[in-house]
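Undergrad: below: sequence and its predicted model.
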Amino acid sequence: MFKYFICFFLLVIVQLNSCKSIAQSNLQDSNVIGMELILNENYSGFEQEEYILIKNKKELNAFYGRINRTRKPGLTPPSIDFTTEMILVWCGDTSASNYASLELSEKEDFLQVQKLNSKKASNLVVSPFSIYKLPLSSKKLKIQK
């Protein structure tokens with residue numbers, strides 16, 4: 001009898017925990033698109049802040065060619081399926097010493113990028129950059145600072 005009670009009690013606990021995870025995922029904002037941070041680095045070679053949307057392998061290789069000019073060995077471009085994904089790159093200016101944290105939301109006719117709080121990188125003069133992977137979209141990109 002005690003064994004059945006323990007089994008029943010464990011089953012109830014597992015069931016309650018699984019229900020909580022489903023409820024939390026349903027509470028997410030449906031307009032926020034999932035972005036995955038691929039890389040944060042300290043030197044991009046860009047002197048002014050830029051946002052770059054990369055939609056093909058040629059543009060990705062050109063970007064990595066530019067940031068690898070002074071790196072030996074250079075960074076390896078990530079493997080991306082450009083039929084379903086695209087890359088968003090944030091490059092900070094030379095006075096920036098923090099990584100940017102970006103949030104992307106989908107509006108009716110554009111994608112809106114909002115720069116959130118930055119993470120402290122160092123006190124050195126650098127031009128940091130961050131690379132994000134996101135689902136492919138044909139909508140225009142709008143930057144909100």
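TA: The structure has been received and is ready for your questions.
Undergrad: which stretches of this protein have low pLDDT?
TA: Along the chain, segments meeting pLDDT under 70 span 5, 7, 9-12, 14, 16-33, 94-98, 100, 117-125, 145.
Undergrad: can you show me the helices along it?
TA: Assigned by DSSP state H, the chain shows helices spanning 2-26, 57-67.
Undergrad: residue ranges of the strands in the protein, please?
TA: 36-41, 50-54, 85-91, 98-106, 110-120, 129-135, 140-144 (DSSP state E).
Undergrad: could you dump these to a markdown table with mean neighbour count and distance to Gly65?
TA: In this view, the C-beta of every residue, glycine as well, is placed from N, C-alpha and C. Listed next are the strands of the chain as a markdown table, based on neighbours: other C-beta atoms under 10 Å; distance: least, C-beta to C-beta, whole Å:
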| stretch | mean neighbour count | distance to Gly65 |
| --- | --- | --- |
| strand 36-41 | 13 | 15 |
| strand 50-54 | 17 | 12 |
| strand 85-91 | 20 | 13 |
| strand 98-106 | 17 | 22 |
| strand 110-120 | 14 | 24 |
| strand 129-135 | 20 | 14 |
| strand 140-144 | 13 | 22 |
